[in-house]
Structures are given as structure tokens and as C-alpha cells.
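Chemist: based on what follows, work out the 3D shape:
(2 chains)
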Amino acid sequence: MTTSSATPAVLADGLGMDFRAPVRPPGLRAALASVVRPRYRTVRAVRGLEFALRPGEVAGFLGPNGAGKTTTMKMLAGILHPTAGTARVLGRVPWRRERSLLRRIALVRGSRPLGGPEELTVLDTLRFQRLLYEVPDAEFRRNLAELGELLELAELMGRQVRALSLGERMRAGLAAALVHRPRVLFLDEPTIGLDVAAAAAVRAFLAGYAERTAATVLLTSHHMPDVEALCRRVLLIERGRVRYDGALDRLAAELAPHQLVRVTPAVAGATAEWERFGTVQERGEGGRVALRVPRAEVPRVVGELLARLPVAELAVEEPPLEAVLARFHQEDAE
Amino acid sequence: MRGFARLLAVACWRESVTWWSLRSFLITLIVDQSVAPLLGLLVWTAAAPGAHGVTSYYLALAAVQLLTVSFEQHTFANAVYDGTFADTLVRPQPALLGAVATNLAIRFWYGVFGLPVVVAAAAATGALPRPAALLAAVPSLLLAMALRFCLTCGASFSAFWTQRAHGAVSLMETLLFLLGGMAAPLALLPGPGAAVGRLLPFWAALGAPAEVASGQADVLQVLPVQLGWLVVLVGAVALLWRRGLRRFAAVGG
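Modeler: Numbering: from 1, shown residues only, chains lettered A, B, ... in the order given. The predicted structure follows:
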């Protein structure tokens, strides 16, 4: 079965997942009673999730811990069977785990980038992947040469997996996950635990890979640089529901009730009663300030600032995405 | 089918390389597995000095133990517990490929390191089996390998429901020790014990090929019992697997 560009590469249609978690009061008596009469609480991990990804689309899947991101990812990768709704990946129901589908998808987890025996070399692992995914020899060599160059794998090929650092494991794990050129890629926290340089390298590689191969990518990450580097579209999930689905650059506008007004006075050291205009968020050299201003009042505040002060520079910015999300998660928890 | 055989062969090679690097640990495991048959040999040689073929039986049993031992509570069950089993579900491979490959790789190295010692002991004690009996024991040994894998694997599937799969396998191993011909050769059991024991899967998975190799049982009487249990256990394992997988897909391990 093939998918046309009109058919979504990934489709979640009312997807829901409930878990039954055993519960009991504390104490020995309750522990004994739970043997005879176990009690359960239903945990609604995912509720009525609706979204579709076009072929070649790269989307970020954001949300706080416990929001249902990994559960959704597991359902779409075929590991979990939902309790409600359905899903299609490349036109197939993922939890049927048809080989024709499994050969065209990949799940990369930052917490466990490279599976398999650790005594083997990276090249051994990649060769096993070739066999597993039935990649023709010429195609394997071509893909491996390309991935090897982009991920700088040359000196890792002959090394045992157990001797690799986390960053090297991630590079080798990406090569193992991508050597069969999956058409749909699920990335679960791909830069977790990596240092700044390694994370940047992985991000750059993934951005290039997605553009070059037109693979559909669904990414979960708590690192906003990952999302900003890779995704134009984001889905924000909250308590198992999609709270925002749209362009990344509109996310802050949707969620943050404030904007930042950065002002540099024309005269260094000039003072003003900034609190009259907004909440001072930052103070910099030369009297520069960043004011947090309610979105609706920004035009009025900007007008007043320009009218009343000698201003050298004035800029209106959306607040940093990380701050917006942190605030959103906090409000959600409350 | 050819593709699967190639995949299994490569998976076995991968696991063999891994276990070769753990050879010191492997030797301690082999010694551990050899203790019970050697202890049985010493006890029953002293307790029943006139009993025919005790030495050859226990040496054959030591070989069978080395070639049938299974560790799915460590390989498969632990993979369920640590979440790596979920990763195998995303790959286009039989989900049990890794467990089967590890099983065969461990048995291979057990054979390489352990069998020469057993053969040397048999030669030293004059208990070498007759070639005809040894040949007759081969199909029985192959069935015992499959039966032991099914028993251990089936017990390890309890990992889908509980955190105590090691306990389930331990119980199965105890039954294997008591009723499989390890604690005592079935021929030496009192009353109907021997007759009942020969109908159980534990003897079919352990003592049966040893009795054939030591010339104490007729392979033609042993094979039907083993084949019967293999059909039953494969069915049971398949059922447990389907239900376990459904459970795993519902709770995520």
C-alpha cells in the first residue's frame, strides 16, 4: 500500500489510552484486603487525540511530564494498543505491527539510542540492521556512506558499543535507526543527556535529514532548541488532550498573555518610572530594560514610551518559548 | 523462511560474540550447572552402590543439563522489565528472536566448554556411552532442548503480569530438579513414582535423553512422550504469548 501526498502519513483519530492502576490505602490490613478485593483507578493518559501529519511534515509534540506524549508515541509506533479511537501510520494500523509498516518507520529514544549486544562494534550493529530491514546491499552502502559522513562515524565504526560515550551512542543509534531510510520517524527526547555541542550536532543532522529525505517526523523534547531547530508546527498536549496545534511562531502569541517590550534610552543612565509601563523583567547596561506588558496594552505602552522618553531603541518581542511553556505547565499543574 | 534462518543465524552469532566476551562468567555458570548432576552422582553411587549405570546416567545427565539449560528469566523477562522488549516490537523481526538466539548461543558455549570435561570424566570412569545409544539419544536431546526452552520461556512470560518471573522460573526449575531425574534417577523412585514421572514434562525435558544415552530407556518409548509434551507446551506457550502481548500492549510493560 502506498500513500499519496493527500493521505496523512500519521493520523490520530480520537486516540485514547486508559491505564488501570492498582490503588489501596496504607497499612497491613489494606494490603491483605487488596489481595482479595483489588481496587483500581483508571488513569486517562490520552484522551480523544486528533491530529494528522502530512508526508514530509516535521512536528513537535510538546507537553509536561505525564501529559501523554510517550504513550501517544508508543501507540503510533505500534507498541501500545489504544483503548479508544484509532490511528494510521502510512495508511496502516500501527499496533497490528505489519512488517511492511515496521520496515518503513523508526523510533529513536534518547534514553536508549542504541540497542543490541554491547560487545559488538557499531558496524556489526549496522550490518544487522541491514539484514533486519532487508536493505539491498548497494542501498545500504550508499546510505551508510552518507550517514557516516554526516554523523562523523568513521572512527566509531570499529568500536564496541559498550565503549561509546552517550553522544557517540546517539550518533551511532541515529545511523542504525535511519540506515533503512524510514519514511516516518518518531523521536523521543533525542538530545536528552547530551552536552551542548553534541545536542547541536544531533539537531543539525536531524534538520538536514528531514529536509533531504522528506521523512515525516514527530518529535518530543523538553529542549526548546530542538523544537525551534526542527519544527514549524507544534502540538501542545496537556493531560492527554491537544491544547494547541499550529505554527511554532504563533505558540507564544496563543499562550502568553504578555509580550516583552525592550527599551534602550537615548541617554545612558536616564531613569524612568518603568513600573508605570509594565513589569520590569530584565535590566541591562546603559539603562536598558525589558518590560512585561499585557498583550492588549502593548500599542498604548509603546506609544507612551515613545512620547515621553528619549528612546534610542525599542523592540516588541514574544517571550522566550521556554518561559511560555514553563508558565503554561505551571498553570496546568495548578 | 530462508530469510528468518539467516536472521536467526546472524542473531546467534551476535549473541555468541557477546557471551564469548563473558567467558569467565560463562565458566562459573557451567560449574554451577554441573554441581547438581555431580552431587547426584556422588549421592547415588554411595547410596545404591549396586545400582546399574548410575555413573553413566549422571554423566549423560550433566551433558543434557548443559545443552538444555535456559535462561529466559534473565533474557526475556528482564527485557520486559527494563523496557527493551518494547523496542523489539518496533522492529520487523519475530519478537522472540533475541531470546531464542541467546538461548542457542549460551548452549553452544556450554557445549564447547563443558562437554569436553563431561567426556573426559566418562572416559576416566569407564562410563562412555555406546555409540548406538548416543546416536539414539540425539533426537531425544533435540526435543528436550525445545521442551526446556518452552518450559522456561512459558514461566518467564509471567513477566507480562508480575514482577516475579524469576520466582516462577525458580519453581519450574525446582520441579525439574525433583521430577526430571536430577534428584534421583526415575528408575530408583519407589512405587508408581517412576511410572508417573515418565509421563511428566520435566523428565521429558531433562532425564529422558540421559536415560536413552546411558542405555536405560528405549528411544521409541521416550519420543512419543516428548513429542506429546512438545505439542502441549508449544500450544500453551503460544497462548501465553498472545495473552501476554495483549496485556503488554494494554499496559506498556
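Chemist: that's a strand at residue A:237, yeah?
Modeler: Yes - Residue A:237 forms part of a strand when assessed by DSSP: H, G, I helix; E, B strand; the rest coil.
Chemist: and it, what does it touch?
Modeler: Counting by CB atoms under 8 Å, 6 or more residues apart in numbering or on different chains, residue A:237 touches A:49, A:61, A:62, A:63, A:67, A:68, A:69, A:72, A:243. (Glycine included, C-beta is placed from N, CA and C.)
Chemist: which strand or helix spans the last one?
Modeler: Using DSSP states H and E, residue A:243 sits in strand A:241-247.
Chemist: listing partners with orientation, what would you give for that strand?
Modeler: Applying DSSP bridges, strand A:241-247 is found paired with strand A:233-238 (antiparallel).
Chemist: pick out the residue in the stretch 51-200 of chain B sitting closest to chain A.
Modeler: In the stretch 51-200 of chain B, the residue that lies nearest chain A is residue B:92 (4.0 Å; CB to the nearest CB).
Chemist: so that residue, which state does it fall into?
Modeler: Once three-state DSSP is applied, residue B:92 turns out coil.
Chemist: and it, what does it touch?
Modeler: Contacts of residue B:92 by CB under 8 Å, 6+ apart are A:99, A:102, A:103, A:132, A:133, A:134.
Chemist: now residue A:108
Modeler: Contacts for residue A:108 (CB under 8 Å, 6+ apart) come out as A:173, A:174, A:177, A:185, A:186, A:187, A:188, A:190.
Chemist: tell me which parts of the stretch 1-150 of chain A are close to chain B?
Modeler: By the rule CB under 8 Å from any CB of the partner chain, the part of the stretch 1-150 of chain A lying against chain B is A:19-20, A:71, A:74, A:77-81, A:83, A:95, A:97, A:99, A:102-103, A:105-107, A:109, A:112, A:115-120, A:124, A:128, A:131-134.
Chemist: if we go to 7 Å?
Modeler: Proximity of the stretch 1-150 of chain A to chain B, by CB under 7 Å from any CB of the partner chain, involves residues A:19, A:74, A:77-81, A:95, A:97, A:99, A:102-103, A:107, A:112, A:115, A:117, A:119-120, A:124, A:128, A:131-133.
Chemist: residues near residue 110, how many?
Modeler: You didn't pick a chain, so chain A it is. If you count neighbours by other CB atoms under 10 Å in any protein chain shown, residue A:110 ends up with 23.
Chemist: let me rephrase: I mean chain B.
Modeler: 23.
Chemist: same check, this time on the one 5 residues further on
Modeler: Neighbour count of residue B:115, defined by other CB under 10 Å: 15.
Chemist: pLDDT averaged over the helix or strand it falls within - what is it?
Modeler: Element membership of residue B:115 [criterion: DSSP H and E] is helix B:97-125. Throughout helix B:97-125, pLDDT has a mean value of 93.
Chemist: just stretch B:194-205 next, same as before
Modeler: pLDDT averaged over stretch B:194-205 gives 94.
Chemist: ok, back up a step: what packs against the helix holding residue B:115?
Modeler: helix B:2-21, helix B:23-47, helix B:54-68 (3 or more CB pairs under 7 Å, 6 or more residues apart in numbering or on different chains; DSSP states H and E).
Chemist: if we use 8 Å, what do you get?
Modeler: helix B:2-21, helix B:23-47, helix B:54-68, helix B:76-82, helix B:131-156 (3 or more CB pairs under 8 Å, 6 or more residues apart in numbering or on different chains; DSSP states H and E).
Chemist: buried ones in that helix?
Modeler: Residues of helix B:97-125 classed as buried: B:97-110, B:113-114, B:118, B:121-122 (neighbour count, 16 or more other CB atoms under 10 Å in any protein chain shown).
Chemist: relative to helix B:23-47, how tilted is that helix?
Modeler: If you take axes from the mean of the first three to the mean of the last three CA atoms, to 10 degrees, helix B:97-125 sits at 50 degrees to helix B:23-47.
Chemist: ok and helix B:97-125 relative to helix B:131-156, angle-wise?
Modeler: Going by the same axes, to 10 degrees, helix B:97-125 makes 140 degrees with helix B:131-156.
Chemist: off-centre distance for helix B:97-125?
Modeler: Its chain's average C-alpha position is 11 Å from that of helix B:97-125, according to CA atoms, centre = their mean, to the nearest Å.
Chemist: which residue packs closest to the residue in the stretch 101-250 of chain B positioned nearest to chain A, ignoring adjacent ones?
Modeler: Relative to chain A, the nearest point of the stretch 101-250 of chain B is residue B:249 (3.9 Å; CB to the nearest CB). Closest residue in space to residue B:249, ignoring its immediate chain neighbours: residue A:81 at 3.9 Å, by CB to CB, 6 or more residues apart in numbering or on different chains.
Chemist: ok, now which ones touch that neighbour?
Modeler: Residue A:81 makes contact with A:75, A:95, B:246, B:249, B:250 under the criterion CB under 8 Å, 6+ apart.
Chemist: out of these, who's the most crowded?
Modeler: Counting neighbours by other CB under 10 Å, residue A:75 comes out on top of the contacts of residue A:81 with 29 neighbours.
Chemist: before we move on, which element is it in?
Modeler: Assigned by DSSP H and E, residue A:75 belongs to helix A:69-77.
Chemist: buried sites along the following helix or strand past that helix?
Modeler: Using DSSP H and E, the next helix or strand after helix A:69-77 towards the C-terminus is strand A:84-89. Buried residues in strand A:84-89, defined by neighbour count with 16+ other CB under 10 Å: A:85, A:87, A:88, A:89.
Chemist: which secondary structure elements does the helix holding residue A:75 contact?
Modeler: Applying 3+ CB pairs under 8 Å, 6+ apart, one finds that helix A:69-77 contacts strand A:10-23, strand A:39-53, strand A:58-62, strand A:84-89, strand A:105-109, strand A:184-188, strand A:216-220.
Chemist: coming back round to it: phi, psi of the residue of the stretch 51-200 of chain B closest to chain A?
Modeler: Torsion angles at residue B:92 (phi, psi; degrees, to the nearest 10) stand at phi -80, psi 70.
Chemist: tell me how far it lies from residue A:106.
Modeler: 11 Å (CB to CB, to the nearest Å).
Chemist: equivalent analysis for residue A:210, please.
Modeler: Applying CB to CB, the value for residue A:210 to residue A:106 is 13 Å.
Chemist: may I see the ChimeraX selection of the buried members of the residues of the stretch 1-150 of chain A next to chain B?
Modeler: A single ChimeraX command selects the buried members of the residues of the stretch 1-150 of chain A next to chain B (16+ other CB under 10 Å):
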select /A:19,74,77,78,79,80,81,95,97,102,103,107,115,117,119,120,124,128,131,132,133
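Chemist: would you tell me which helix is longest in chain B?
Modeler: When chain B is parsed with DSSP state H, its longest helix is helix B:219-251.
Chemist: that one to helix A:69-77, inter-axis angle?
Modeler: Helix B:219-251 and helix A:69-77 are oriented at 130 degrees to each other (the same axes, to 10 degrees).
Chemist: end-to-end on stretch A:250-265?
Modeler: In stretch A:250-265, first residue to last residue: 29 Å (CA to CA, to the nearest Å).
Chemist: quick check: mean pLDDT of that stretch?
Modeler: When pLDDT is averaged over stretch A:250-265, the result is 83.
Chemist: could you do stretch A:179-187 as well?
Modeler: Mean pLDDT, stretch A:179-187: 93.
Chemist: quick one, phi/psi of residue B:201?
Modeler: When read as degrees, to the nearest 10, the backbone of residue B:201 gives phi -70, psi -20.
Chemist: tell me, how many neighbours does the nearest residue in space to it that is not next to it in sequence end up with?
Modeler: Using CB to CB, 6+ apart and skipping residues adjacent in sequence, the residue nearest residue B:201 is residue B:229, 4.3 Å away. Counted with other CB under 10 Å, the neighbours of residue B:229 add up to 25.
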